[in-house]
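Trainee: For reference, the sequence and a predicted model appear below.
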Amino acid sequence: MKGFAAIIKRELKSYLTSPVVYVYIAMFTLVCGYFFYRNFIYFSMLSMQGSYGSSGSMVLNITEAVFAPVHSNYLFVMLILVPLITMRVFSEEKKTGTLELLISFPVRYIDVVLAKLFSAFIVLAFTLALTLLFPLVASMYGRIEVIPVLTSYTGLFLVGLTFVAIGTFFSSLTENQIIAAVLSFGVILLLWAIEWTASFIPGVFGKILSEMSVYNHFRDFNRGVINSNDAIFFINISVFFAGLTLINLQRRTWKS
């Protein structure tokens, strides 16, 4: 446990000294802020034009009209930017030769993998937490349904953990950070976009592809519904890629 905590502390210090992290946080916040601003202004315009039902009550709901599509956009932003965080997790250590030194310390392999994975996830979680300012701003102009928004954020954190686990694995395969980022982006994009392919394939195979879709499992979270099957899906994918990273790290040690 001491080794796990020491590695997390070491990793977080390295993130704080990396300009890439600050670029990531700035880009993530700015792009997500743009999506929020665009949807919120559009919602405000529709509200001012009087989008009312026949009973005289407003049809539009700020949570459904603004934050549901905005959070879907967050997925796409994470898809692009998370590989920038995870590309250095193991690749930098392998390139500088410090990975062998790290695993020579009295720490377990699983502690190394989990500490590096969770350190990258902490950076992502902190960045996502910054976007909680947007619901606070919106609550000044209308009533926010807190539970659906928080449920959607729960889904975003689970998706983020999955993306970080995928990126960590590919970072363990190569010392080239660019290759690690490209491979991570490709697999994450496949898991994100496979939903559209599944819609064109009938039968069991199409259903299997749909069940592999990240967006498909995020959809209920974005509607404010916590489905245990969706949570298990993200946890399983995260554990699977963390396990592959552990195996790859052990294999590297056996070779050396």
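Mentor: Yep, it's here.
Trainee: In a helix, V239, correct?
Mentor: Yes: residue state for V239 (DSSP: H, G, I helix; E, B strand; the rest coil) corresponds to a helix.
Trainee: In space, what's closest to it - neighbours in sequence excluded?
Mentor: A165 (7.8 Å; Cβ to Cβ, 6 or more residues apart in numbering). For glycine as for every other residue, the C-beta is placed from the backbone atoms N, C-alpha and C.
Trainee: again with H217
Mentor: Spatial nearest neighbour of H217, chain neighbours left out: D230 (4.2 Å); criterion: Cβ to Cβ, 6+ apart.
Trainee: for that neighbour, what are its contacts?
Mentor: 155, 158, 217-218, 220-221 (Cβ atoms under 8 Å, 6 or more residues apart in numbering).
Trainee: Out of those, grab the one that's most surrounded.
Mentor: G155 (27 neighbours; other Cβ atoms under 10 Å).
Trainee: so that residue sits right up against F221, yeah?
Mentor: Yes: contact status for G155 versus F221: in contact at 2.6 Å, counting by Cβ atoms under 8 Å.
Trainee: just to revisit the earlier point, give me the element the residue nearest to H217 is part of.
Mentor: According to DSSP states H and E, D230 maps onto helix 228-255.
Trainee: Show me where this protein dips below the pLDDT cut-off.
Mentor: 1, 49-60, 100, 104, 198, 252-256 (pLDDT under 70).
Trainee: which residue sits closest to the residue nearest to the spatial centre of it, ignoring its sequence neighbours?
Mentor: The centre of the chain sits closest to G160, judged by Cα atoms, centre = their mean, with a distance of 1.9 Å. Closest residue to G160 apart from its sequence neighbours, by Cβ to Cβ, 6+ apart: L124 at 4.7 Å.
Trainee: Equivalent analysis for I237, please.
Mentor: T162 (4.9 Å).
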